[in-house]
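*Asks:* Show me how the following folds:
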Amino acid sequence: MKSKYLSSAFLLLVTSVIVKIIGAVYKIPLTSYIGAVGRGYYATAYNLYLPFHALIMGAFPIALSKLTGKYNAKSDKEALILIKSAANKLFFKVGLIGMAVILIISKPYCNLIVSSPKSFLSVVVLAPSILFSALASSYRGYYEGFMNMKPTSFSQLIEALFKMVFGLIFAKLSMAYMYNSYLTKGIVLGRKLLSEEEAFAFIYPITSAAAILGVTFGCLLSYIYVIIYHQIVKPDVCIKNRQKTKYYQNELLSFSFPIMVSCAVQSVFQFLDTASVQWALSLINTNDLKNIYFQSLSAANTSVEDIKAYVFGVLSSASDFKNLVPGITMALGVCAVPAVSAVYETADKEHLTSLINSVIKYTFLISSAGGFIIALNSKEILTLFYEGSAPDIVISCEKLIKYFALTVPVYSLAGTAVFCVQATGNAKKSIMPYIVSGIIRVILNILLVSNESFVLFGCVISGAVGYYIMFVWNCRILKKSCQIKACKTKNLTIPFLIAVLSYFVAYFLYKYINIFTSNPINLLIKSALFCFFFCMLCFLLKVLSFDEIFLVIKKQKNGLNT
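*Replies:* Below you'll find the predicted structure:
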């Protein structure tokens, strides 16, 4: 089970990294095609889409994965076929409802809530992707229950790749066609336009919708892939009583409900988290903020009335990097659900303890390595992304990203612990930690961000404290409900000391060999130094073993051969 978990997690981790890279590469040419204004319409549509996506995709696939793992552990083939049939029907209904709700509220959302009526077309084009994502998740969650991450991994790659390909093609062609039509005829799609400014105002909402159509196409192709995969590998089992499908549909709903509540609570407190930061910034005197961010504000040539919005934008830019590693390590939590669920059903406490300790250890190792590498290279990374387009971001975000990066392991551990709690059937108990963590973050944001000595660094403290409490609380739930004994020294203390030592060794060694002026080369050298000492110490102190590495390689080879 442990080797199967390692192999599955490795595959999903690799594909998650590739998907993140595709997403980062995609945004650069997209902005050149649809402009900053078009990106605004694009982001407005996504802001409505994401809560629905998180609510649906964060609950039902996990429930399906958990229940599939449960019946697979019992070798109940008939139940597995019936639960797949039930999932297909349920996920279709949920996706259809999600799409319908987005379409219904799209007009009032664009006109009244965000005051962006031109975003309406982008929202409408994006809505079907909820249905396609839900349908694809009925296959992803099912195979995740067998710890088969191929459908999830490759469907995510297909979705990301074709989202980029179709999005860029549609955006480029639509912009070229309409702008050329304006230059030659002064008319775009039958509408006479008097100036270039008026032309772009008319074109940008359409090119944004064209780019988003690529997202919907990517989701559709992802769904088609998992259908084909299922048709190839599905077992040939004769089911005598298909009336039981309703029973499994109800079981899925019953298990999904507390996870949905958790996701809803999380979404609410993420909104309150953001709102509390904005409110705290409004309490600070504008002149004081101007003095604190004088250097970056001068580089950005920001007006006085936009200073508070600018500071909040700095936090948003830093958050992109803060969320990068937890977004990747989430793969460990996804893989943990069926593995933990299967072992939990056997009532083997020793085996369950070993597995959960391994999940926590690998999460901490990967997140601490990723976080400390970002902290070590904060200036180089920002320069690579923003030196040409927004040099002020390099100035304002360098230290903020460094401190956020050092707290990344806490965010990753909290997420993994929640997945483990949900896998043991204790999803209801994970709701209160979300609430308490959210309240603490909001209170600390108001107290610290409004304090001129902290400002945005207050968000670093509030996030670390809130998510640490969430992690500890969920670990206590696992300990009490499953009688799990946590090995803190081997899983947390020693890896943390290894990461800290590797960070300082790489930092001071680099100071003596700093002979290059190229940022990418400097980034690679510092990262390589850190990784070398980090891996060496992990093996020397027996946090990792070569047996574990060989298990992953062997499983991957066997998987490729089959």
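*Asks:* give me every residue that touches residue 124.
*Replies:* The contact partners of residue 124, by C-beta atoms under 8 Å, 6 or more residues apart in numbering, come to 103, 106, 209. C-beta: built from backbone N, CA, C; applies to glycine.
*Asks:* I meant residue 404, not that one.
*Replies:* For residue 404, the contact set (C-beta under 8 Å, 6+ apart) comprises 318, 319, 321, 322, 460, 463.
*Asks:* before we move on, the earlier item: let me have the contacts of residue 124 in a markdown table, extended by neighbour count.
*Replies:* Converted to a markdown table, those look like this (neighbours: other C-beta atoms under 10 Å):
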| residue | neighbour count |
| --- | --- |
| 103 | 14 |
| 106 | 20 |
| 209 | 26 |
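*Asks:* tell me the contacts of the residue nearest to the spatial centre of the chain?
*Replies:* Residue closest to the mean C-alpha point of the chain, counted by C-alpha atoms, centre = their mean, is residue 327 at 3.7 Å. Neighbouring residues of residue 327 by C-beta under 8 Å, 6+ apart: 16, 20.
*Asks:* Which strand or helix spans it?
*Replies:* Following DSSP states H and E, one finds residue 327 within helix 324-345.
*Asks:* so what's the backbone phi/psi at residue 518?
*Replies:* Torsion angles at residue 518 (phi, psi; degrees, to the nearest 10) stand at phi -80, psi 130.
*Asks:* okay, and for the stretch 201-350 of the chain, where does confidence drop off?
*Replies:* 235-243 (pLDDT under 70).
*Asks:* Helices along that one, start to end?
*Replies:* Residue ranges of the helices in the stretch 201-350 of the chain, as given by DSSP state H, counting those that start in this stretch, are 245-282, 286-292, 294-300, 307-322, 324-345, 349-376.
*Asks:* Same question for the stretch 351-500 of the chain.
*Replies:* Counting by DSSP H, counting those that start in this stretch, the helices of the stretch 351-500 of the chain are 378-386, 391-406, 408-423, 431-444, 457-482, 488, 494-513.
*Asks:* Does residue 58 touch residue 263 like I think?
*Replies:* Yes. In terms of C-beta atoms under 8 Å, residue 58 counts as a neighbour of residue 263; the distance is 4.3 Å.
*Asks:* more neighbours, those two?
*Replies:* Taking other C-beta atoms under 10 Å, residue 58 and residue 263 do not tie; residue 263 has more neighbours (21 against 17).
*Asks:* average model confidence for whichever helix or strand residue 43 is part of?
*Replies:* According to DSSP H and E, residue 43 maps onto helix 2-57. In this model, helix 2-57 carries a mean pLDDT of 78.
*Asks:* got the angle between it and helix 307-322?
*Replies:* Angle between the axes of helix 2-57 and helix 307-322 is 150 degrees (criterion: axes from the mean of the first three to the mean of the last three C-alpha atoms, to 10 degrees).
*Asks:* could you give the angle of helix 2-57 to helix 245-282?
*Replies:* Using the same axes, to 10 degrees: helix 2-57 against helix 245-282 is 70 degrees.
*Asks:* The closest residue in space to residue 393 that isn't next to it in sequence: how many residues sit nearby?
*Replies:* Sequence neighbours aside, residue 386 is the residue nearest to residue 393 in space, at 4.3 Å (criterion: C-beta to C-beta, 6 or more residues apart in numbering). Residue 386: 16 surrounding residues under other C-beta under 10 Å.
*Asks:* Against residue 294, how distant is residue 386?
*Replies:* 19 Å (C-beta to C-beta, to the nearest Å).
*Asks:* swap in residue 136?
*Replies:* 49 Å.
*Asks:* quick one, which of these two is more surrounded?
*Replies:* Neighbour count, other C-beta under 10 Å: between residue 136 and residue 294, residue 136 has more, with 29 against 10.
*Asks:* Where does the more buried one sit, in terms of helix or strand?
*Replies:* Element membership for residue 136, per DSSP H and E: helix 128-144.
*Asks:* Against which helices or strands is that helix packed?
*Replies:* If you count contacts as 3 or more C-beta pairs under 8 Å, 6 or more residues apart in numbering; DSSP states H and E, helix 128-144 packs onto helix 2-57, helix 60-73, helix 77-108, helix 150-185, helix 196-233, helix 324-345.
*Asks:* for it, what is the average pLDDT?
*Replies:* Averaging pLDDT along helix 128-144 gives 92.
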